[in-house]
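Chemist: Quick one, structure for this:
(4 chains)
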4 protein chains.
Amino acid sequence: MKTVNIGLIGGGFMGRTHSNAYRKVNAFFKLGYRPVLKTFCDVNESKAKTFAENWGYESHETDWRKLLARKDIDLIDICVPNMAHREIAIAAAEAGKMLICEKPLAINTAEAEQMVSAVEKAKVANMVMFNYRRVPAITLARQLVDEGRIGRPFHYRATYLQDWTISTDVPQGGDALWRLDAKVAGSGVTGDLLAHSIDTAEWLNGPIQRVTAATETFIKQRKHVESGKVEEVKIDDACMFLAIFANGSMGTFESTRYARGRKNFNTFELNGEAGSVYFDLEDPQYLQYFKYKDPKSGDKTEGHLTGWQKIHVTNAEHPYMDKWWVPGCTIGYEHTFINALADFFTGLETGKPAQPDFRCGLRTQKVCDAVLESARTGKWIDIA
Amino acid sequence: MKTVNIGLIGGGFMGRTHSNAYRKVNAFFKLGYRPVLKTFCDVNESKAKTFAENWGYESHETDWRKLLARKDIDLIDICVPNMAHREIAIAAAEAGKMLICEKPLAINTAEAEQMVSAVEKAKVANMVMFNYRRVPAITLARQLVDEGRIGRPFHYRATYLQDWTISTDVPQGGDALWRLDAKVAGSGVTGDLLAHSIDTAEWLNGPIQRVTAATETFIKQRKHVESGKVEEVKIDDACMFLAIFANGSMGTFESTRYARGRKNFNTFELNGEAGSVYFDLEDPQYLQYFKYKDPKSGDKTEGHLTGWQKIHVTNAEHPYMDKWWVPGCTIGYEHTFINALADFFTGLETGKPAQPDFRCGLRTQKVCDAVLESARTGKWIDIA
Amino acid sequence: MKTVNIGLIGGGFMGRTHSNAYRKVNAFFKLGYRPVLKTFCDVNESKAKTFAENWGYESHETDWRKLLARKDIDLIDICVPNMAHREIAIAAAEAGKMLICEKPLAINTAEAEQMVSAVEKAKVANMVMFNYRRVPAITLARQLVDEGRIGRPFHYRATYLQDWTISTDVPQGGDALWRLDAKVAGSGVTGDLLAHSIDTAEWLNGPIQRVTAATETFIKQRKHVESGKVEEVKIDDACMFLAIFANGSMGTFESTRYARGRKNFNTFELNGEAGSVYFDLEDPQYLQYFKYKDPKSGDKTEGHLTGWQKIHVTNAEHPYMDKWWVPGCTIGYEHTFINALADFFTGLETGKPAQPDFRCGLRTQKVCDAVLESARTGKWIDIA
Amino acid sequence: MKTVNIGLIGGGFMGRTHSNAYRKVNAFFKLGYRPVLKTFCDVNESKAKTFAENWGYESHETDWRKLLARKDIDLIDICVPNMAHREIAIAAAEAGKMLICEKPLAINTAEAEQMVSAVEKAKVANMVMFNYRRVPAITLARQLVDEGRIGRPFHYRATYLQDWTISTDVPQGGDALWRLDAKVAGSGVTGDLLAHSIDTAEWLNGPIQRVTAATETFIKQRKHVESGKVEEVKIDDACMFLAIFANGSMGTFESTRYARGRKNFNTFELNGEAGSVYFDLEDPQYLQYFKYKDPKSGDKTEGHLTGWQKIHVTNAEHPYMDKWWVPGCTIGYEHTFINALADFFTGLETGKPAQPDFRCGLRTQKVCDAVLESARTGKWIDIA
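Modeler: I've put the predicted structure just below:
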């Protein structure tokens, strides 16, 4: 078995999910590669030390550039806030490191294009962590599309709703709340949540061609953690858009952190001539499926038997699930990262790179940019 | 079209549901018979008058014996409390009247047997109003059984849970609360709620052979509306029993008026080798169906596609639904009575009597009696 | 009790629902007025006769103008296809008749304005049959808004999804399928389904100020029932739009007849600072409510107790439900019309006209027109 | 930090879940103890080696007695089939080792009593792995009971339904299917599934006093993996029982592996005067709660606001959840074991032993035995 020495940068929420995933992946998946938690890096020395110890890294570091210089680091995993992705990624690629980067790939299309150029020039393995593709129920949705069970698509609708920023007491900035600070996050829900929705949508239903959008910032000012002053909030608290897909189907998308009662309500529904699927991340163990026509036999479901089916996606026949426990036993949020890493290492072995790579992540960036441009201009925007 | 002149006795809740059903049935079903609301009877003159006017009866009466003497009454509909069923039914049969009787047929097996003898001797059409058989979703469950979609049955489980008598402030007796008065109701939840569960169970899964049961009266004393005094409560507030069906499957049954939060939670689930069905009366528009094996092709559902299906029972292909509105439009509680009357009148026309007739209702009575006997004796009781 | 003599025009689906409602309303609601089914009118003599007999009308008619001339007709109920609403309504108003008109009020704003002028000039009682306001769960949603349980609104999202026109075998035109014929229906899902969504939305969340929209016709040609020829389909099969409400909240709306598996999926969700509500017409007995803050006490729900609540809207405390059966017993689609008529007749009695009247229906028309204009032009459209 | 050296015996399904839990617990919980995966033991040398490597044990062993002799082993974790629990546990206690034992504690009460004596005499820390107590939603249910939110209890109902043994093709015995072999498992669903239901029930609602039960073996003969011959099946495929709790409430319990469509349907509902809770292990992220009366204020929920609440048990305020990810992110099956270990090690630190210890596990054994005795004799059985 080959080892892959990991240098992970950034000890926030995503640093935790990735670290956990590296530690677990080989106990569940038979792989040709084994990640080794070599070094953890964070600008804060004490935090770096504690984090490294907690997760079992061999060492820690405070300057990410040092990781690039080290020969014993094979892969750089970028878990820092969005605005810092580009610089690290390009430097790491130039240093010949493999790259795993949290989503969104960058804060805009221009940056993302530079990152794609860098990894493609350096020919290093690379992946953007759109972990929700690896929710077994979402992977199953893709499988049903591939099996012809949806047929000609008519509609796609997605929401990603949360409610954690409604209070004016929530500040912006700092380690915990950089997602509310436009300087660090680039955008608000568009980059944070809609990026997921868009990645899933294009994976299931192909490219989005045109959009019209609106955004809103409901709370206009928040105290900034670093400055200690009340500052204007420049991110989008909410974003909604209409889309036309290249295949002619219609899409509605909405994301917000102001939907009281919705915590992680990342849903999609795809309606086609032969069938439909529905998913909700708050109930991740289910894919709902409406079967109208069987793609092989062409048989239509008898009229007295039609109904939405709740598939409890825990059978051995379901994506990834033969690697986990027994039928009926659920997995959770963290497993999407582990499944993703398994795919990544399998890609190394087979030579068929796991998706979404940086080029694929660039697509999502383009749609996000078009959405934000439409919200600014009030016009439909075509996506190149 | 032939008319059937109705004399309905009893102006409580059931008097209302039956009256409404007579008024509506011909506007929706093409039938060879048309009921005419001839006379309404209640011992209370003023109530009788008001009720008759409200529902469009041609006249009213305070003595039910007068109805039997009238030649222009074809059918007696018994909507009075349980303890009065027997006497009216036998006299009406002897007077040659058709009979529709609210459930439970009687307060015990002995009474029910006399009633069966009377109608069979008189050869008059007769039906017990187990209206829930006519919830389209329940009729559909029976259809799935008949189509072989359940296969060899293993388990049946039924609950009928309510919560309206939890408070000690609720009195017993009187027009509104006779169901809490053992003298009038015969029993508590066993006759009121479990009778429904048993009728449905035997309709779907065949005869119950043996039972073991327990009952409880949680609030031991309640003020009696008529005496004005606090009296012992003699009904069963709750009843649970285990059953062995003749076909070898196992059953659990439970009924109570002390299940906080359950209002009309009449549920059943039948598990067989080929499939399962689940129903809940609080969501009466659905039948849930798990398809494992197709009875015609013998094909098993592919492992990645298995799941419980929520059939929204409003298609034209569903029982009774072609008579109502359009797909997706729900019907409600009252329609079960209308569907039942349509079946009754169709039975008159075709000569194939609608079920459950009195003889069938006697079965339920026997099971109820066995349940109560088991609760008293602590023993398993066989049902003849 | 005063009688109101009804002349109803149009024997399609809506003619049935209205006729049924007139027949039932007084048996359940204590009202000062009683409708009398005086005359039914349809251009087809034989159909008119059969329909009148079936529903108990005293007579039938084939020329609606004759109804207006009759002194014994107090109220004209318009159940004909959309394109015929205007002429009948204006003539009826001029003849001094009260008016109940099926939705949408007209096929465009200009026509609707003429109708409003006519009824206001004639000072006749008038109502548009947006029956879904009278689903008890939807009325309850409005009550929760009025009680301050939603608080500052952030988001509204509505869908109205069906799937019955997906096949190319479905023709357009004729008695059954005029909704697919733009000449008769005016528009497709916008007037048929979105009109409901818009009426509900503005009732719950106030006026819509601006919209951007897209429409699609998935099946471009269908055989026309009357001509027998394949003709272009000019209605919108699907329509989606974004909205900004006057109160600053954001809205997404979508309607289609191409959402496989959705039969009558008329849903809405309103998210506010204090709470949220969700409704789905396929489960009309429920209102889902998320309570965050109590409007009276100001107390916030404890963090370990927050969750969406499924309110089974069948308690006596719920709108309209004390008139029907007992808690836990559902009502269905048809009852929305009966509740609406009860409101209408109560309005006559109290002098506070039931809503939505024609002026209110005109609002919906304006939003529909703006939506269609935006779909044509690709621009955001302000609503006057 | 103190280390606890683990010797784990048995490399089946439970060996995996426990090993995973030891590896993860310290990364998420701040504890005074850290488990070290010292030695894994399995009779099969090659399996022992592979398992040890996969999970990161320092060494492996094939004779469990050798573990007891080693001074560097602090805790023996018993993950072997039921019939082998007793001997290992007693020997380990005598050797002064701490003990964690998979459920059920033993195959009958007599054995369990010996095991309790042994650990109590040796004064070694001990716990039975009833991991479902540590589903956050179930722990929350217990919290609601403690907060007085259920009030006087009336009813408890539990099911544990699966469907994986329906086919006659499934053999009995061997590593994978010892649960079907009475010699190894002791009993069928009673010890395997009902043991969980009983442990949860008594934890939430206090001791069970009396039971009446029935069991069934639907498939009478199965090929035995070891003998290669068709042998009689002696386990119970299904078991149902009625219970009376010491607090006067009534219980129904049912378990089977023949409920087509139910995979891990471990449900319970507790109904009390003040409120109710419902849980289903297939949807483990939810606790459903019906609030009728607030225990502090005594206020009753207003009648128009009552409804079952789906609490998405992922808030920081929920049991264990502050240790995991962020609100809205689910955990899964494996986390119940990790939470349990955290409780165990916390118990070591605080001196308040985590529950259920062996003595507590003995209770469950007594109820199981009474259930099986009742099924044999047809009588109600009192539990000492």
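Chemist: Quick one: residues contacting A:I88.
Modeler: A:I9, A:W64, A:I76, A:I78, A:V80 (Cβ atoms under 8 Å, 6 or more residues apart in numbering or on different chains). (Glycine included, C-beta is placed from N, CA and C.)
Chemist: In a helix, it, correct?
Modeler: Yes: A:I88 forms part of a helix when assessed by DSSP: H, G, I helix; E, B strand; the rest coil.
Chemist: For it, give its distance to C:R134.
Modeler: As judged by Cβ to Cβ, to the nearest Å, A:I88 and C:R134 stand 60 Å apart.
Chemist: and if you look at A:T267?
Modeler: From A:T267 over to C:R134 the distance is 29 Å, taken as Cβ to Cβ.
Chemist: Give me the more crowded residue out of the two.
Modeler: More crowded of A:T267 and C:R134, by other Cβ atoms under 10 Å in any protein chain shown: C:R134, with 21 against 18.
Chemist: per-residue confidence at the more buried one?
Modeler: Here, the pLDDT recorded for C:R134 equals 98.
Chemist: Any regions of chain A where pLDDT drops low?
Modeler: Of all residues in chain A, none has pLDDT under 70.
Chemist: before we move on, back to that, which one of the contacts of A:I88 is nearest C:V225?
Modeler: For the contacts of A:I88, the residue nearest C:V225 by Cβ to Cβ is A:I78; the value is 62.0 Å.
Chemist: Longest helix in chain A, by number of residues?
Modeler: helix A:358-377 (DSSP state H).
Chemist: Is chain C within reach of that helix?
Modeler: No: Helix A:358-377 does not reach chain C (Cβ under 8 Å from any Cβ of the partner chain); its nearest approach is 9.1 Å.
Chemist: of all the residues in the stretch 51-200 of chain A, which ones are close to chain C?
Modeler: Within the stretch 51-200 of chain A, the residues that sit near chain C (Cβ under 8 Å from any Cβ) are A:F154, A:H155, A:R157, A:T159, A:L161, A:D163, A:I166.
Chemist: Save the residues you listed as CSV, and put in neighbour count too.
Modeler: What follows is those, written out as CSV (neighbours: other Cβ atoms under 10 Å in any protein chain shown):
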residue, neighbour count
A:F154, 26
A:H155, 27
A:R157, 26
A:T159, 25
A:L161, 28
A:D163, 24
A:I166, 24
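Chemist: Filter those down to the ones in strands?
Modeler: A:F154, A:H155, A:R157, A:T159, A:L161 (DSSP state E).
Chemist: Quick check: beta-bridge partners of the third one?
Modeler: In this case it means A:R157. Residues in a beta bridge with A:R157, per DSSP bridges, are A:T252, A:E269.
Chemist: doesn't A:F268 make contact with it?
Modeler: Yes: A:R157 is within contact range of A:F268, at 6.8 Å (criterion: Cβ atoms under 8 Å).
Chemist: for the contacts of A:I88, which one is nearest chain B?
Modeler: Comparing these against chain B with Cβ to the nearest Cβ places A:I78 closest, at 34.4 Å.
Chemist: need the contact list for the closest one.
Modeler: By Cβ under 8 Å, 6+ apart, the neighbours of A:I78 are A:I9, A:G10, A:A84, A:H85, A:I88, A:A89, A:A92, A:L99, A:I100, A:C101, A:E102.
Chemist: what's the most distant pair in the residues you listed?
Modeler: Within the contacts of A:I78, A:A84 and A:I100 form the most distant pair, 14.8 Å apart (Cβ to Cβ).
Chemist: For those two, indicate the residue with more neighbours.
Modeler: A count of neighbours by other Cβ under 10 Å puts A:I100 above the other of A:A84 and A:I100, at 24 against 16.
Chemist: How about the more buried one: which residues does it bridge to?
Modeler: With DSSP bridges as the rule, A:I100 is bridged to A:D77, A:M127.
Chemist: List the contacts of it.
Modeler: Residues near A:I100 by Cβ under 8 Å, 6+ apart: A:H18, A:L75, A:I76, A:D77, A:I78, A:N126, A:M127, A:M129, A:F344.
Chemist: ok, now A:V277?
Modeler: Listed by Cβ under 8 Å, 6+ apart, the contact set of A:V277 reads A:A141, A:L144, A:I150, A:E269, A:L270, A:L287, A:Q288, A:Y289, A:F290.
Chemist: what does A:A141 give?
Modeler: By Cβ under 8 Å, 6+ apart, the residues touching A:A141 are A:L204, A:F268, A:L270, A:V277, A:F279, A:L287.
Chemist: Can you list the buried residues in stretch A:361-379?
Modeler: Buried residues in stretch A:361-379, counted by 16 or more other Cβ atoms under 10 Å in any protein chain shown: A:361-372, A:374-375, A:379.
Chemist: Nearest to chain C among those?
Modeler: For these, the minimum distance to chain C (Cβ to the nearest Cβ) is 7.6 Å, reached by A:K379.
Chemist: residues touching the closest one, list them.
Modeler: The neighbourhood of A:K379, defined by Cβ under 8 Å, 6+ apart, consists of A:T212, C:G378, C:K379.
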